[in-house]
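>>> Using only what follows, build the 3D model:
(chains A and B)
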Amino acid sequence: MSATQATTAELRAPRAPFDRALLLVVPATVFMLALFIYPFVYGLILSFEPPQGGWLANYQKFFTTDNLWTTIGKTLQLALPATIINVGVALPIAYKMRVRSRWQRIVTTLLVVPITLGTVLIAEGMLTYFGPKGWLAQFLQLTHIYEGAIRLTHNYWGVLISLVISGFPFAFLLILSYVTGIDPVLARAASTLGADSKAQFRHIYLPLLAPGLAMCFCLAFVQAFSVFPSAVLLGAPAGPTRVISIAAYEAAFEQYDYSLASAIAMIMGFVQLVIVAFVLSLRNWFYKGPVTGGKG
Amino acid sequence: MADAGVAVNRQPGAATARVASRTPWSDRAWSALLWGVMTLFLVNVALMIAAVATNSFASRWLGTWLPQGWTAKWYLDAWKEFQLANILWVTVEVVFAVVFLSLLIGVPAAYTLARRNFVGKRALMLLFLLPLMVPPITYGIPLATVLYQAHLGGTLAGVILANLIPAAPFVILVMTPFIEQIDPNLESAARVFGASTPRVFVHVLVPLLAPGILAASLLVLVRTIALFELTFLTAGPDSQTLVVALYYAVFAAGVRAPQSVDAMAMIYMLVTLVWLLIALRFVNPTQLVSRVKENPGGAL
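Residues are numbered from 1 along each chain as shown, chains lettered A, B, ... in the order given. Sure thing, here's the model as predicted:
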């Protein structure tokens, strides 16, 4: 320990020449390494050690079996529209509510409810409410808005609606926290220079929001991509909503083929990483600049 | 939570109000559309919850607006049939163990990350961010495999460990900005008087961090109650939490009366809502989805 370091260290911790504060991060690091990184690496290695066949047999099986490789497309068909709807609708509404008011407080509080209730409860609620004999169907038939049979559960639409119900509040609250983090002085400066509200949004808020929006898109996408309970309960888990997480679950807990299950989990993680990397690179292409007005 | 921006935020609000009086027709229509979408969404979610509540008290409800009769027997049924007392107790054990352990390992780590610069700090931050960016199913399946090999799969300990993976990083991300706000001179002063690191923690940091710790623990609590995937993958018959039990009840819907399932859903909802209402008294709703970054300079 050199003399200059010793003086500051002595002021801080007279009895400890080594900065013992660094030890405080050890339990969390060890925990994450043991329970997050180790299983991941273990799963990756396991996926290359199939019970029979060469080291790539699991991946070959995935991409040649019809009810396995199609799950990627089915998952993306659900997750991408859901994410685009959630982020696309949440952005204008959050922008509208950026000014602190009683309404902002009430709406944000109300929107927290669907997030905390979780997907399982939303699925159960939807089976009752959106079902063929539910209140929505009765209302639509009573008011003659729509006369045909209403099929919003046990198919693609049921899962998509449930992804919107659980994902929209999440996207809204996240974007709201980014929008309120932008200094409104910037928009006022623009308005004194004659920018109307549309121009303010396009040239002030949108560029500053771009990193936050990209982040929000990624987080919302991750949520939608791992859709599991609603795809089983509200969808057609054998057909159009057989998403990739169902395939992984079946391999692990119904066929007890942990090797194949790990391979599917790795493919799932890889597809999701590709989308996330694409969105983040899109952000860089969209906006390059030193100003960060957002939080996080 | 520091509302440093309130006073300043009022002014642009007033400005938009002035502009609104002479806004063109299209802007008003746009505004009405947004409010319409929001209202439609909230009304449908509220009705959805009301439908579950109504069904849970219905004696018989088939294709009419309201059930033919009212009864509370489904709650008794659910209590006995689903062994709810047992499930609720497991849920309490899991949730409180997760909150306590995540604070125990998360707060010290957040302290070091907030106060010190060291080699590999960025890598560590990435390590703590990753579990929040990867879908739970992706790492849940290899994790369940490892836990079953270690004979922890299907046990209460396994469920708690699995739930800690997103909880501990979340505590770190929430607590780091709180710790950054505390004046380091206070710690230095305590150390001048000979306090050791544990004593600085107990007598200086923890009291000052109490609001942050409260916020973090409530957020972890609400999130853990609702976290389905990891518990589902690691729980055995005796270590199911409420949300997993509810999933199995809905999954096997043909076997049980739907009212009984809905009664259970109501109990689950009430448990969550009580804690949510408590949490909302102390935390900003946006904190439930994102980490807090109180930045007095930037929030203006």
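
>>> Identify the spatial nearest neighbour of the residue in the stretch 101-250 of chain A positioned nearest to chain B, chain neighbours not counted.
Nearest residue of the stretch 101-250 of chain A to chain B (Cβ to the nearest Cβ) works out as A:Ser226 at 3.0 Å. In this view, the C-beta of every residue, glycine as well, is placed from N, C-alpha and C. Excluding the flanking residues, the one nearest A:Ser226 by Cβ to Cβ, 6 or more residues apart in numbering or on different chains is B:Pro135, at 3.0 Å.

>>> Ok, A:Thr29 next?
B:Leu124 (6.4 Å).

>>> who touches the helix or strand hosting that neighbour?
Per DSSP states H and E: B:Leu124 is located in helix B:121-133. Contact with helix B:121-133 is made by A:25, A:28-29, A:32-33, A:36-37, A:218-219, A:222, A:276, B:109, B:113, B:139, B:165-166, B:168-170, B:172-173, as judged by Cβ atoms under 8 Å, 6 or more residues apart in numbering or on different chains.

>>> right, and B:Gly158 touches B:Asp238 too?
No: checked against Cβ atoms under 8 Å, the pair B:Gly158 and B:Asp238 is beyond contact range at 11.3 Å.

>>> Can you pick out the residue with more neighbours from these two?
The neighbour comparison of B:Gly158 against B:Asp238 (other Cβ atoms under 10 Å in any protein chain shown) goes to B:Gly158, with 25 against 12.

>>> per-residue confidence averaged over the helix holding B:Leu124?
In this model, helix B:121-133 has an average pLDDT of 88.

>>> What residues of that helix count as buried?
For helix B:121-133, the neighbour count (16 or more other Cβ atoms under 10 Å in any protein chain shown) marks B:Leu124, B:Leu127, B:Phe128, B:Leu130, B:Pro131 as buried.

>>> Name the next helix or strand following it along the chain.
Following helix B:121-133 in sequence, per DSSP H and E, is helix B:136-149.

>>> list the helices and strands the very next helix or strand once past that next one packs on?
With elements assigned by DSSP H and E, the helix or strand that comes after helix B:136-149 is helix B:156-181. With contacts taken as 3 or more Cβ pairs under 8 Å, 6 or more residues apart in numbering or on different chains; DSSP states H and E, helix B:156-181 sits against helix A:26-32, helix B:84-115, helix B:121-133, helix B:136-149, helix B:206-226, helix B:229-234.

>>> Could you report the neighbour count for B:Leu88?
Around B:Leu88 there are 17 residues (other Cβ under 10 Å).

>>> what do you get for A:Lys96?
17.

>>> any idea how far the nearest residue to it once chain neighbours are set aside is from B:Tyr248?
Closest residue to A:Lys96 apart from its sequence neighbours, by Cβ to Cβ, 6+ apart: B:Leu34 at 5.4 Å. The span separating B:Leu34 from B:Tyr248 equals 39 Å under the rule Cβ to Cβ, to the nearest Å.

>>> A:Val107 too?
34 Å.

>>> between the two, who's got more neighbours?
Taking neighbours as other Cβ under 10 Å, A:Val107 and B:Tyr248 compare with A:Val107 leading, 22 against 14.

>>> Now that that one has come up, it's in contact with A:Lys96, right?
No: using Cβ under 8 Å, A:Val107 is not in contact with A:Lys96; the gap is 10.0 Å.

>>> And the pLDDT for the spatially most central residue of chain B?
Centroid-nearest residue in chain B: B:Arg223, 2.4 Å away (criterion: Cα atoms, centre = their mean). Note for B:Arg223: predicted pLDDT of 87.

>>> In chain B, what helix or strand scores lowest on average pLDDT?
None of the helices or strands of chain B scores lower by mean pLDDT, DSSP states H and E than helix B:6-20, at a mean of 46.

>>> could you point out which element follows it?
helix B:25-56.

>>> for that following helix, which positions count as buried?
B:30, B:34, B:38, B:41-42, B:44-45, B:47-49, B:51-56.

>>> roughly how far is that helix from the heart of the chain?
Distance of helix B:25-56 from the chain centroid (Cα atoms, centre = their mean, to the nearest Å) equals 24 Å.

>>> Can you say which of the helices and strands packed on helix B:156-181 is nearest to B:Glu180?
Across those, B:Glu180 has its closest neighbour in helix B:84-115 (4.7 Å, Cβ to Cβ).
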